[in-house]
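**Q** sequence first, predicted model second:
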Amino acid sequence: MSAAPEKELQFRSSRFSIEAGEDVVANATRCGTQLAGWLRDCLVRKGYTGTDVVADDTGWSVICARKPFLLWVRCELIWDFPLDPEDEVGAEAVWTCFVQTRKPLLTGWFARMDPAAADKLFKDVESILVSEPHISFVKDN
C-alpha cells in the first residue's frame with residue numbers, strides 16, 4: 001500500500017476518558033474510542049458521509065472515505081504503559097489525531113491520491129478541535 005505523510009494534531013483534554021474493554025479491542029496502550037466517536041459525529045455534521053469508527057492495533061480510527069483511496073483520522077491517547085479504565089485520564093493527558101491517506105491494497109495501482117482531500121480533512125478536524133472549549137493544543141517542541 002502506498003501512503004501519504006501523516007498530519008498530526010496533539011492536544012490535552014479532560015473531555016475524553018478510557019472506556020472499559022477498549023484496550024482489549026485495540027492495543028493495550030492505545031485508547032481513544034470516545035474521541036473517535038465524538039469526532040465522527042462532528043465530521044458527519046460537517047458533511048462527511050459513510051464515516052465509521054474502527055479499532056486496530058494502533059488505536060481507533062474514523063474512516064472518512066474508502067474510494068478511490070482510504071482517508072481516515074486515527075485517534076489515540078498517548079500513553080506508554082497499559083491503562084486501566086479505573087485510571088483517571090485528566091487534563092494533563094495528551095491525545096492525538098493523525099490524518100492519513102493510503103491507496104487500497106488491491107486497487108492501489110489505479111487509485112489517484114488527492115492531497116487536497118487530506119488537507120481538507122485535516123483543516124476540518126483542526127477546526128472541530130479548536131471550537132471545543134475543553135481542548136488545548138500541545139505546542140510543537
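**A** Done, it's in. Numbers count the residues shown, from 1 in each chain.
**Q** what about the strands in the protein?
**A** Applying DSSP state E to the chain gives strands spanning 7-13, 52-56, 59-65, 70-78, 94-102, 135-137.
**Q** same list, those strands, but as JSON lines with mean pLDDT, distance to residue 128 and mean neighbour count please.
**A** All C-beta atoms are positioned from the backbone trio N, CA, C, and that covers glycine. Output for these, formatted as JSON lines (pLDDT from 0 to 100; distance: least, CB to CB, whole Å; neighbours: other CB atoms under 10 Å):
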{"stretch": "strand 7-13", "mean pLDDT": "89", "distance to residue 128": "10", "mean neighbour count": "17"}
{"stretch": "strand 52-56", "mean pLDDT": "86", "distance to residue 128": "15", "mean neighbour count": "15"}
{"stretch": "strand 59-65", "mean pLDDT": "89", "distance to residue 128": "11", "mean neighbour count": "23"}
{"stretch": "strand 70-78", "mean pLDDT": "87", "distance to residue 128": "10", "mean neighbour count": "23"}
{"stretch": "strand 94-102", "mean pLDDT": "88", "distance to residue 128": "9", "mean neighbour count": "20"}
{"stretch": "strand 135-137", "mean pLDDT": "91", "distance to residue 128": "9", "mean neighbour count": "14"}
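**Q** turn those strands into CSV, including distance to residue 41.
**A** Listed next are these as CSV, based on distance: least, CB to CB, whole Å:
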stretch, distance to residue 41
strand 7-13, 16
strand 52-56, 10
strand 59-65, 10
strand 70-78, 13
strand 94-102, 14
strand 135-137, 15
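**Q** what pLDDT does the model give the closest residue to residue 51 other than its chain neighbours?
**A** Nearest residue to residue 51, sequence neighbours excluded (CB to CB, 6 or more residues apart in numbering): residue 40, at 4.9 Å. We note a pLDDT of 96 for residue 40 in this prediction.
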